[in-house]
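Peer 1: sharing a model that was predicted from the sequence below.
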Amino acid sequence: MSKLSHYVESAGAILLAIIWISPLLFAFWAAFHSTSDAVNFNITSAWTLDNFRTAWEGAYYLLFGLHFIPLQML
Amino acid sequence: MSNHINLERRRQAIYGWLMLSPAALMLSIFAFYPSGATFFSSLFSKHTRRRPSEFIGIENYNDLFADPTFWLVVKNNLFYAAITIPVSIVIALSMALWANSKIPARGFVRTAYFTPTVLPMIAAANLWLFFYTPGLGVLDQIGSLFGLQSVNWLGQPETALWAIIFVTIWKEAGFFMIFYLAALQTIPEDYKEAADIEGTSRWTYTRRIVLPLLMPTTLFILVNAMINSVKLIDHLFILTKGGPSDASKLILYYIWEMAFAFFDAPHAAAMTILILLVLCIVAAIQFIYLDRRTHYQ
């Protein structure tokens, strides 16, 4: 009896964990796929690093990182 | 001799004031002075070039009480608090009880519960904005697998506030879980052993021993959740901007709009003072009433 409830509870805990993390797992997966593949849920589509390249070129991340240092020192 | 005692007492007093002064200074600059200044400016009319501001007493407050949008926003905020606070506390408690018990993949479970909390508010809001997008969004795509109609979650007055509430619970529950988890780990194992010897059921043990011992944490979380429910603004900026016909507008967003979109600082100040008052009263009730019923170790 207690063994059964242990299994049920473990399953519940893990199920809740999967539900809770799934938006972030999707975000992680989408980060490595092209926009149209991510939007259309193409599970089998190719992985790519293009998004990171675009994002990196989109803003001055190195400068922002440097700005972060004095903020943290204070 | 008495002179010497007097001197000693004065020395102690000066010592005490010196210890107190850094905190007192910080609080005065960042809490007491702004509240006072806000109250002061809420008593004056709006300054325009043609009509300089003048003292009008509680006129600004009367305007607010006559403003239907203000009441709608208050109602929205009360509803938002009434749902998010209990639900996220219950979820946080179950998460903590699970994350503390001996289950497989405990590390993964703990990480999964906590990760949404680490995310910046704006990032979380943007993620959910994509999920809620009608047609393209993940929710609609999952719905269409089951043949459901496309729902514009953020675009309808009936669902917009619920969508915000859902994101808040997702983000907040893991944060509160950490406090519960820390509190659970301070409960000595002896109680569990004693309860087992007595033949207590697990439910009774949880209800009679664990929950009372968690009361101080619950009180802390309750105060925090309440403050958070008045403090939410970032998600609204990204997700709805107050939503269709003010359906998802919360009080802080309305204050911001009043001050920086309508450029009506006095009314915004009056609203801020009202919130401060309500928060003070609720915090006092919580600390005076609940504190007596809370068992500190």
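Peer 2: Done, it's in.
Peer 1: C-alpha only now, for contacts and for neighbours.
Peer 2: Fine.
Peer 1: buried residues in the lengthiest helix in chain A?
Peer 2: As assigned by DSSP state H, the longest helix anywhere in chain A is helix A:2-31. For helix A:2-31, a neighbour-count test (16 or more other Cα atoms under 10 Å in any protein chain shown) marks A:10, A:13-14, A:16-18, A:20-21, A:23-24, A:30-31 as buried.
Peer 1: can you put those in CSV and add distance to chain B and pLDDT?
Peer 2: Shown next, in CSV, are the buried residues of helix A:2-31 (distance: Cα to the nearest Cα, whole Å; pLDDT from 0 to 100):
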residue, distance to chain B, pLDDT
A:10, 6, 85
A:13, 6, 86
A:14, 6, 87
A:16, 8, 88
A:17, 5, 88
A:18, 7, 88
A:20, 6, 88
A:21, 5, 88
A:23, 8, 86
A:24, 8, 88
A:30, 11, 82
A:31, 12, 82
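Peer 1: and the next helix or strand after the longest helix of chain A, what's buried?
Peer 2: Reading on from helix A:2-31 to the C-terminus, the next helix or strand found by DSSP states H and E is helix A:35-39. For helix A:35-39, the neighbour count (16+ other Cα under 10 Å) marks A:37-39 as buried.
Peer 1: residue contacts, residue 41?
Peer 2: You didn't pick a chain, so chain A it is. Residue A:41 makes no contacts at all, as judged by Cα atoms under 8 Å, 6 or more residues apart in numbering or on different chains.
Peer 1: try chain B instead
Peer 2: Applying Cα under 8 Å, 6+ apart, the residues near residue B:41 are B:266, B:269.
Peer 1: distance of it relative to residue B:35?
Peer 2: Counting by Cα to Cα, to the nearest Å, the separation of residue B:41 from residue B:35 is 10 Å.
Peer 1: flag the shaky bits of chain A, pLDDT-wise.
Peer 2: Filtered on pLDDT under 70, chain A yields the residue ranges A:1, A:74.
Peer 1: who in it is up against chain B?
Peer 2: Counting by Cα under 8 Å from any Cα of the partner chain, chain A comes close to chain B at A:6, A:9-10, A:13-14, A:17-18, A:20-21, A:23-24, A:27, A:39-40.
Peer 1: tell me which element the residue of the stretch 151-297 of chain B found nearest chain A falls in.
Peer 2: Closest contact between the stretch 151-297 of chain B and chain A, by Cα to the nearest Cα, is at residue B:170 (7.1 Å). Residue B:170 is part of helix B:157-186 when elements are defined by DSSP H and E.
Peer 1: toward the C-terminus, what is the element adjacent to that helix?
Peer 2: On the C-terminal side of helix B:157-186, the closest following helix or strand by DSSP H and E is helix B:189-198.
Peer 1: got the buried residues for the next helix or strand after that following helix?
Peer 2: Per DSSP H and E, the first helix or strand lying C-terminal to helix B:189-198 is helix B:202-205. Buried positions in helix B:202-205, judged by neighbour count with 16+ other Cα under 10 Å: residue B:205.
Peer 1: residue B:130 contacts residue B:137, doesn't it?
Peer 2: Yes: counting by Cα atoms under 8 Å, residue B:137 is a contact partner of residue B:130 at 5.5 Å.
Peer 1: sorry, back to before: off-centre distance for the helix holding residue B:170?
Peer 2: 10 Å (Cα atoms, centre = their mean, to the nearest Å).
Peer 1: okay, buried residues for it please.
Peer 2: Under the neighbour-count criterion of 16+ other Cα under 10 Å, helix B:157-186 has B:159-181, B:183-184 buried.
Peer 1: how much space separates the nearest residue to residue B:74 once chain neighbours are set aside from residue B:24?
Peer 2: Excluding the flanking residues, the one nearest residue B:74 by Cα to Cα, 6 or more residues apart in numbering or on different chains is residue B:251, at 6.4 Å. Distance, residue B:251 to residue B:24, using Cα to Cα: 29 Å.
Peer 1: find the nearest non-adjacent residue to residue A:21, please.
Peer 2: Closest residue to residue A:21 apart from its sequence neighbours, by Cα to Cα, 6+ apart: residue B:112 at 5.1 Å.
Peer 1: who touches stretch A:18-31?
Peer 2: Counting by Cα under 8 Å, 6+ apart, A:38, A:49, A:51-52, B:112-113, B:115-116, B:127, B:170 sit against stretch A:18-31.
Peer 1: tell me the buried residues within those residues.
Peer 2: A:38, B:112-113, B:116, B:127, B:170.
Peer 1: which one of those is nearest to residue B:270?
Peer 2: For residue B:270, the closest of these turns out to be residue B:170, at 32.3 Å, with distances computed as Cα to Cα.
Peer 1: what's the strand or helix carrying residue B:230 packed up against?
Peer 2: Per DSSP H and E, residue B:230 falls inside helix B:211-231. Secondary-structure packing of helix B:211-231 (3 or more Cα pairs under 8 Å, 6 or more residues apart in numbering or on different chains; DSSP states H and E): helix B:68-100, helix B:157-186, helix B:251-260.
Peer 1: what angle do that helix and helix B:251-260 make?
Peer 2: Between helix B:211-231 and helix B:251-260, the angle comes out at 20 degrees (axes from the mean of the first three to the mean of the last three Cα atoms, to 10 degrees).
Peer 1: so what's the gap between helix B:211-231 and the chain middle?
Peer 2: Centroid separation for helix B:211-231 versus its chain: 9 Å, with Cα atoms, centre = their mean.
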